[in-house]
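[1] My questions concern the predicted model and sequence given below.
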Amino acid sequence: MNQVDCWNRFLDNLFAGGVERYHCTQEYAYRHRREKQLSQIMRDNLTEDEKQCMDEILLELGEHTKRDAELIYRQGFQDCVWILRQLGILA
């Protein structure tokens with residue numbers, strides 16, 4: 001495994017841990033309940049074709065959001081390292 005692969009695995013593990021910790025928060029619990037409520041509204045008010053279309057749209061939006069979060073997390077980590085180097089804490 002090369003250095004880039006090790007770095008990517010390291011960041012992936014940190015991100016996964018952050019997501020896991022977030023899933024234990026009240027904010028996540030609220031958002032999860034709200035998502036279930038919205039899903040119920042969708043099930044009750046849409047035709048089968050509309051539900052399928054909405055499911056596809058929401059799945060894709062969810063994947064985009066997840067990827068955005070990963071990229072922002074990585075950039076934040078890189079920014080942190082840059083700041084620590086500028087302060088002389090890291091060589």
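    That came through, no problem.

[2] List the buried residues for the one helix or strand L59 maps to?
    For L59, the host element (DSSP states H and E) is helix 48-86. Of the residues in helix 48-86, 73-74 count as buried by neighbour count, 16 or more other CB atoms under 10 Å. Backbone N, C-alpha and C define where each C-beta goes, glycine included.

[3] Give me the distance from it to the chain's centre.
    Relative to its chain's centre, helix 48-86 lies at 5 Å (CA atoms, centre = their mean, to the nearest Å).

[4] name the helices or strands packed onto it?
    helix 3-22, helix 26-45 (3 or more CB pairs under 8 Å, 6 or more residues apart in numbering; DSSP states H and E).

[5] Measure how buried H32 is and give me the count.
    H32 has 11 neighbouring residues, counting by other CB atoms under 10 Å.

[6] ok, back up a step: got the helices and strands packed on helix 48-86 as TSV, with mean pLDDT and distance to Q86 columns?
    Below are the helices and strands packed on helix 48-86 laid out as TSV (pLDDT from 0 to 100; distance: least, CB to CB, whole Å):
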stretch	mean pLDDT	distance to Q86
helix 3-22	94	20
helix 26-45	95	32
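
[7] Make CSV from those helices and add distance to W82 to it.
    Shown next, in CSV, are the helices and strands packed on helix 48-86 (distance: least, CB to CB, whole Å):
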stretch, distance to W82
helix 3-22, 15
helix 26-45, 29
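
[8] closest to R74 out of those helices?
    Ranking the helices and strands packed on helix 48-86 by proximity to R74 (CB to CB) places helix 3-22 first, at 5.5 Å.

[9] buried set for that closest one?
    F15.

[10] Could you tell me the angle between it and helix 48-86?
    Counting by axes from the mean of the first three to the mean of the last three CA atoms, to 10 degrees, helix 3-22 lies at 120 degrees to helix 48-86.

[11] Just the C-alpha atoms of helix 3-22, please, in CSV.
    Output in CSV follows, covering the C-alpha atoms of helix 3-22 (Å, rounded to 0.1, in the frame of the first residue of the first chain):
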residue,chain,number,x,y,z
GLN,A,3,1.4,6.6,1.0
VAL,A,4,-1.6,8.0,-0.8
ASP,A,5,-3.6,4.8,-0.1
CYS,A,6,-2.6,4.9,3.6
TRP,A,7,-3.6,8.6,3.8
ASN,A,8,-7.0,7.9,2.2
ARG,A,9,-7.7,4.9,4.5
PHE,A,10,-6.7,7.0,7.5
LEU,A,11,-9.1,9.8,6.5
ASP,A,12,-11.9,7.4,5.6
ASN,A,13,-11.6,5.8,9.1
LEU,A,14,-11.6,9.2,10.8
PHE,A,15,-14.7,10.3,8.7
ALA,A,16,-16.5,7.0,9.5
GLY,A,17,-15.8,7.5,13.2
GLY,A,18,-17.2,11.1,13.0
VAL,A,19,-20.3,9.8,11.3
GLU,A,20,-20.8,7.1,13.9
ARG,A,21,-20.4,9.7,16.7
TYR,A,22,-22.9,12.0,15.0
